[in-house]
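Colleague: Here is the input, now give the coordinates:
(2 chains)
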Amino acid sequence: MRAISKRFGPVVANDQVDFEASWGEVHALVGENGAGKSTLMSILAGLYRPDSGRVEIDGLPVRFRSPRDAITQGIGMVYQHYMLVEPFTVAENVVLGEQRRGVDLQTMRVERELTELSHRYGVGVDPRAKIWQLSVGEQQRVEILRLLYLGARILVLDEPTAVLTPQEARSLIQTLRGIAEQGFSVVFISHKLDEVMEVADRISILRRGKIVATTTPEETDRRTLARLMVGRELAELVEHPADEPHETVLPGEAVLELRGVSALGEKGLPALHNVDLEVHAGETLGIAGVAGNGQRELAEVVTGLRRATDGTIRIDGRPMINMPAAEIARAGVAHIPEDRLATGLIGGMDLSENAILRNYAEPPLCSGPFLSNKAIAAFTDRLITDHDVKAPGRWAKVHTLSGGNQQKLLLARELAGQPRLIVAVHPTRGVDVGATEAIHAALRDQRERGAATLLISEDLDELLALSDRIAVLFDGRVMGMLPALGADPEEIGLLMTGVGSPES
Amino acid sequence: MTALVTGLSFLLALFVGGIVLFLAGENPLEVYGAMFYGALGTWNGVAETLVKTTPLLLAGLGVAVAFRMQLWNIGAEGQLYWGAIFATGLALFVIPGAPGWVMVPAMVGAGLLGGALWGLIPGALLAWFGASEIITSLMLNYVAILASEFLIHGPWRNPQGFGFPGTPSLPTAGWLANLGTTRVHLGLLFGLLAALILWIMLRRTRWGYEIGVMGENPRAAHYAGMPTKRTILLVMALSGALAGLAGMSEVAGIGHQLQRNLSPGYGYAAIIVAWLGRLHPFGAVLVAFLLAALTVGGDQIQMSLGLPSAIAPMLQGTILFFLLGGDVLTRYRITRVMG
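Modeller: Residues are numbered from 1 along each chain as shown, chains lettered A, B, ... in the order given. Predicted structure coming up:
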């Protein structure tokens, strides 16, 4: 890719970017959120057209008008959200992507070819399996297999390991290495520096739309990479979190107590089974687990957004099970939900309208039925300054902010009331390194202040860095509880996949 | 940008309408001139336009406040009828002898109440059973119109009416004051006042904020513990009440009795008013006026030029089609991606 530029309105996403991937290599592309990685790769995959610059394959310029053009030229991309039809089989999904005239789908032939491809590249997918029966990791392999089948010779993966267990991630990395060794080119977008160090032959760092360096794992280390990504030294890098001494805060009284809590999930099936948990003042309890094992339901039951079918929940000793969400919030429970724009923020509203979501009905923001614009402005400004939210102004619509700044605003609002208990779900998902650091610091401050924190995350590094204890949730059950200090990520990973027996 | 698109859409609509008129053997310029003159060219035309603006504005405000919360109240027509029925019933049978200063406020109250109750039905069905308010509010329109037919053909029929369907005339104490000798009545003031109050409520109060959050992101409202069900009921009641006031003001300001075809579809046109007015109270004022002018102008050309009665609705339809189309196309962009 030569001198690629792309702007969205006033925002320059890519500025004269040169990027090169060779046959037979895994090339990692790293950078903060909003650095322009996804834009660059979407240009490569034909989803966007560059404002200027060109894409060349083997030195010959190519032009794509659509992702389909790109794939016929041999470039395929695995997005973060898979585009698969759940009730269909793997082979049927592949047929869908193929544009041929004629009525006969030739599913049998496709199945044969897929089996063959799957063996050759070690992808390991049964073409006859239905998509809904497959795990997230397997679905990802289906996407890879589909692209190979369609003739992709350059594979682009956008944060492929974000949704995987450590074991799945490792095996994906092996598969990708295998594919590269057969002469393909693999481009790998990631935030996770250790995995980048493991998988990549070369690493390019994108910062503010420009490539700032291209290096190899042998020539660099994680600290250098992180510095290149953010353009400054990080106060503290979540590098060897397990070795980092946790200040031993004497655990105070139990702020949150769950006894035998069960609840139903979105589809009406049991999602939490008989969960016992305690979080003490000044303690952070991490909840590890692969997505969809009851974490969301746990957070929602505690914050009053979902009915529990059984059990008791006490907050500061008061029974709070199935109380209205507003009541629970008033009892001092802050909630950072997993999906900030879908749940915690109103994208189409401005910063102040989002800032007051918790306390709009209380003085001084509100007197009688009337909102006080002055008090709201002052309150919003305080949140913005205290948590360093970067925004053009209070009037800016929240969906125009970067993910990190959205999350900082959300966190600022939730922490404004000096909560007793913080329920944080994936607080740094999709957030750049700088904002992650700020969010971690804020959560640590709260812990020192004596707040109890229930931290739900898929990011083991984050759990190990912030938690005092870690509980592993699998299939709605607590599989194990271990102190974070010196915890073995392998063991947690095994518990996350359901290996081992439930604690109780 | 938006104003430009609206202007262009309007011109394009006139052009396409002009082709049809030309094919029908008319001179398009003459027809348009007559429409404009009929609606806004004389004081009488302006007055008639303001008369039609009144129910469109009130019902349109009602629809807009519900749409703000993504409550698709299609039932303004029925709510309008119940407002008219309640107000008429009160004036004729409950307090027939009351003086004007009691009668008019009481009828306003009755109109608001009738519409509110009718709006509450789909609201309650949605809040408690999750029934789509689009379907229920729409179906209830037919019930409301038939109920009014029943009353004016049956128990409330005017015994001195020579067999014409319709209730007796309201006591004159219940007639809304007119502007001079025109048919413009106090209802217009109700509409403008309602727009102002609604604007303040939506912008400056916690209720307006709650409605905004629930409309923009219902999950965030749930997350914040906002009383979703209660607000659905209140907003549907408010929405219905405004449409009910439109019905009351038609009865007390224009017909002075409950009669057949009280509304030629004001409750449906209100949806266009709300939508083209971008759910903004002042936007609704403007659009209600324009739509009224179109209607009056259309009626005028039927009379003054002797055009077939289908021409006027055809032109109105064309203009609305292009306005709405232009509106949609400014908000969305069509890009060609496939080769």
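Colleague: mind checking how far B:L262 is from chain A?
Modeller: Distance of B:L262 to chain A, computed by CB to the nearest CB, to the nearest Å: 34 Å. Using the backbone N, CA and C atoms, a C-beta is placed for each residue, glycine as well.
Colleague: Over to B:M201?
Modeller: 8 Å.
Colleague: for the closest residue to A:A331 other than its chain neighbours, what are its contacts?
Modeller: Here the nearest residue to A:A331 in space, its sequence neighbours aside, is A:I315; by CB to CB, 6 or more residues apart in numbering or on different chains that works out to 5.4 Å. Counting by CB atoms under 8 Å, 6 or more residues apart in numbering or on different chains, A:I315 makes contact with A:V255, A:L256, A:E257, A:I328, A:A331, A:G332, A:V333, A:R420, A:L421.
Colleague: between those residues, which is nearest chain B?
Modeller: Nearest to chain B among the contacts of A:I315: A:I328, at 7.7 Å, using CB to the nearest CB.
Colleague: Does the closest one touch A:G304 like I think?
Modeller: Yes - assessed by CB atoms under 8 Å, A:I328 is found in contact with A:G304 at 4.0 Å.
Colleague: Need the residues touching each of these two.
Modeller: Joint contacts of A:I328 and A:G304 (CB under 8 Å, 6+ apart) are A:M320, B:G225.
Colleague: neighbouring contacts of the helix or strand hosting A:L172?
Modeller: For A:L172, the element it lies in under DSSP states H and E is helix A:166-181. Identification of contacts with helix A:166-181 by CB under 8 Å, 6+ apart yields A:24-26, A:121-124, A:135-137, A:140-141, A:144, A:148, A:155, A:157, A:160-161, A:164, A:186, A:188, A:195, A:198-199, A:201, A:460, A:489-490, A:493-494, A:496-497.
Colleague: then stretch B:124-132 to CSV, C-alphas only?
Modeller: Listed next in CSV are the C-alpha coordinates belonging to stretch B:124-132 (Å, rounded to 0.1, in the frame of the first residue of the first chain):
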residue,chain,number,x,y,z
ALA,B,124,-51.5,0.3,28.6
LEU,B,125,-51.6,-2.6,26.2
LEU,B,126,-48.0,-1.8,25.3
ALA,B,127,-46.8,-1.3,28.8
TRP,B,128,-48.2,-4.4,30.3
PHE,B,129,-48.6,-6.8,27.4
GLY,B,130,-46.1,-5.6,24.9
ALA,B,131,-48.8,-5.2,22.2
SER,B,132,-47.6,-3.1,19.3
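Colleague: any idea of the mean pLDDT in it?
Modeller: Across stretch B:124-132, pLDDT averages out at 95.
Colleague: same thing with stretch A:445-463?
Modeller: Per-residue scores along stretch A:445-463 average to 90.
Colleague: just stretch A:30-43 next, same as before
Modeller: In the prediction, stretch A:30-43 has an average pLDDT of 80.
Colleague: the helices in the stretch 301-450 of chain A, which residues?
Modeller: A:325-330, A:351-355, A:373-386, A:403-415, A:433-449 (DSSP state H, counting those that start in this stretch).
Colleague: swap in the stretch 101-250 of chain A?
Modeller: Using DSSP H, counting those that start in this stretch, helices in the stretch 101-250 of chain A cover A:107-120, A:136-149, A:166-181, A:193-199, A:222-230.
Colleague: still on that earlier bit, export the contacts of A:I315 to TSV and append columns for pLDDT.
Modeller: Converted to TSV, those look like this (pLDDT from 0 to 100):
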residue	pLDDT
A:V255	92
A:L256	93
A:E257	92
A:I328	93
A:A331	92
A:G332	93
A:V333	95
A:R420	94
A:L421	96
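Colleague: helix/strand/coil for the nearest residue to A:S52 once chain neighbours are set aside?
Modeller: Among residues not flanking A:S52 along the chain, A:S5 sits closest, at 4.7 Å (CB to CB, 6+ apart). Here A:S5 is strand, with the state taken from DSSP: H, G, I helix; E, B strand; the rest coil.
Colleague: List the buried residues for the top helix by length along chain B?
Modeller: The longest helix of chain B (DSSP state H) is helix B:100-129. Using 16 or more other CB atoms under 10 Å in any protein chain shown as the test for burial, helix B:100-129 gives B:103-104, B:106-127.
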